[in-house]
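Participant: This is a predicted model, with the sequence first.
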Amino acid sequence: MNALLPRPSILSIEPYVGGESKIPGVNRIIKLSSNEGAFGPPPMAQEAIIASAREAHRYPDGGATKIREAIGAKFGLDPARIVCGNGSDELIAYLILAYGGEGTELIMPAHGFVMYDLTGRYAGCRVIKVPEKNLLADVDAMLAAVGPRTKLVCLVNPNNPTGALLPQSEVKRLRAGLRDDILLILDSAYAEYVTDPDYDPGQALVDASGNTVMTRTFSKIFGLGGLRLGWAYMPPQVADVLARIRGPFNVNATAMAAGIAALAEPGWIERSVAHNTEWRAKTVAGLQAAGIKVWPSACNFILADFEDVAKAKAADAALRARGIIVRGVGGYSLPTCLRITIGTAEECQMVIEGLTEFMKNV
């Protein structure tokens with residue numbers, strides 16, 4: 001018998017499984033399973049990645065000074081209140097470990113990003129998943145779930161994997177209804193894709209309170225998922241906490257150089273948003289014309305609902321037969337759905353054609 005055992009909550013965690021990228025026997029793969037940017041990394045970022053190879057023997061700047069300054073200049077934020085990480089997942093983990101732990105509770109929507117659940121259990125928190133209304137976070141239900149041991153509330157807005165966007169008034173109402181000793185983490189990984197003029201990714205709430213953090217990423221619109229670069233904007237006292245616990249070189253030099261270059265790429269965000277808005281609408285229209293339910297999305301992906309588990313699996317198989325990989329979301333308790341990234345125009349058209357043909361034969 002093995003006497004060396006971890007905390008019981010660790011054994012309740014199932015390892016995270018990312019979107020697939022290969023199909024045996026298929027040469028050309030259309031990967032639409034991980035919400036990666038349609039155009040890959042910006043050209044200037046690619047050049048920075050190549051140039052950084054010559055300095056790969058040097059340790060990176062442990063304070064991430066230049067990338068924090070570049071982020072601050074781009075988004076109008078105080079660099080001293082920005083912390084960078086090895087992807088935003090690392091920063092989320094730091095926050096949960098620092099403010100959660102054994103005997104505390106973490107509240108999240110039922111279909112929220114899975115890393116909150118996994119990291120919450122890793123930290124020893126009791127994770128409470130609150131039912132949603134029509135795949136939209138229910139603020140009243142989340143506030144009702146708050147108890148004396150609640151220390152963290154996590155909200156992805158717009159949400160992954162549903163794409164749902166909670167109105168700004170509801171986000172503000174959520175923060176206003178929480179105690180001052182509860183940290184609200186606003187995950188805004190898809191912020192750049194949102195076109196709603198009333199949307200705020202979290203800056204305003206961070207500035208208005210001492211207990212809200214906004215997390216962001218370079219993995220989506222900036223196409224740097226493979227380099228793992230995330231950042232968070234937070235109150236000074238929270239930044240001080242993360243400075244005490246993060247690794248001294250937690251962000252590599254290549255990622256920082258690429259991030260700085262990506263922020264400086266002229267028109268990159270505008271071009272990417274225009275493409276995403278156009279082809280998200282065309283893909284939704286094409287799937288709806290084929291008889292498929294599609295949930296509203298503010299992100300660079302859509303959630304197609306086949307309203308039957310077997311049908312969803314069959315649709316997934318039909319796309320894979322064409323070399324197209326999308327994401328089944330049964331792990332998010334959405335077994336009748338497929339999450340489909342908005343890729344290039346050609347890739348979106350291939351999805352429309354593939355699923356239209358599938359629906360004709362079921």
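Facilitator: Thanks, I have the structure now.
Participant: mind listing the helices for the stretch 1-150 of the chain?
Facilitator: 43-52, 65-75, 88-99, 114-123, 139-145 (DSSP state H, counting those that start in this stretch).
Participant: Likewise for the stretch 201-350 of the chain?
Facilitator: With DSSP H, counting those that start in this stretch, the ranges of helices along the stretch 201-350 of the chain come out as 203-208, 236-245, 253-264, 268-289, 309-321, 345-360.
Participant: now for the third one, which elements pack on it?
Facilitator: Spelled out, that is helix 253-264. helix 43-52, helix 65-75 (3 or more CB pairs under 8 Å, 6 or more residues apart in numbering; DSSP states H and E). C-beta: built from backbone N, CA, C; applies to glycine.
Participant: Quick one: mean pLDDT for stretch 267-285?
Facilitator: Average pLDDT, stretch 267-285: 98.
Participant: Now do the buried residues in that stretch.
Facilitator: By 16 or more other CB atoms under 10 Å, the buried positions in stretch 267-285 come out as 268-269, 272-273, 275-276, 279-280, 283-284.
Participant: Same question for stretch 206-222.
Facilitator: Quick answer for stretch 206-222 (16+ other CB under 10 Å): 206, 211-222.
Participant: what about that stretch, start to end distance?
Facilitator: 23 Å (CA to CA, to the nearest Å).
Participant: average pLDDT across it?
Facilitator: Stretch 206-222 shows a mean pLDDT of 96.
Participant: quick one: contacts for the residue sitting nearest the centre point of the chain?
Facilitator: The chain has Ala189 as the residue nearest its centroid, 4.5 Å off, counting by CA atoms, centre = their mean. Counting by CB atoms under 8 Å, 6 or more residues apart in numbering, Ala189 touches 88, 156, 160, 215-217, 219-220.
Participant: If we use 7 Å, what do you get?
Facilitator: 88, 160, 216-217, 220 (CB atoms under 7 Å, 6 or more residues apart in numbering).
Participant: Save the helices and strands packed on helix 253-264 as a markdown table, and put in distance to Met108, mean pLDDT and mean neighbour count too.
Facilitator: Converted to a markdown table, the helices and strands packed on helix 253-264 look like this (distance: least, CB to CB, whole Å; pLDDT from 0 to 100; neighbours: other CB atoms under 10 Å):
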| stretch | distance to Met108 | mean pLDDT | mean neighbour count |
| --- | --- | --- | --- |
| helix 43-52 | 32 | 98 | 17 |
| helix 65-75 | 25 | 98 | 17 |
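Participant: which one of these lies closest to Gly202?
Facilitator: Nearest of these to Gly202, taken as CB to CB: helix 65-75 at 10.8 Å.
Participant: export that closest one as CSV, just CAs?
Facilitator: Only the C-alpha atoms of helix 65-75 are listed here, as CSV (Å, rounded to 0.1, in the frame of the first residue of the first chain):
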residue,chain,number,x,y,z
THR,A,65,9.1,45.6,-17.5
LYS,A,66,8.9,46.3,-21.3
ILE,A,67,5.9,44.0,-22.0
ARG,A,68,4.0,45.5,-19.1
GLU,A,69,4.8,49.0,-20.3
ALA,A,70,3.7,48.1,-23.8
ILE,A,71,0.4,46.6,-22.5
GLY,A,72,-0.2,49.7,-20.4
ALA,A,73,0.4,52.0,-23.3
LYS,A,74,-1.9,50.0,-25.6
PHE,A,75,-4.8,49.8,-23.2
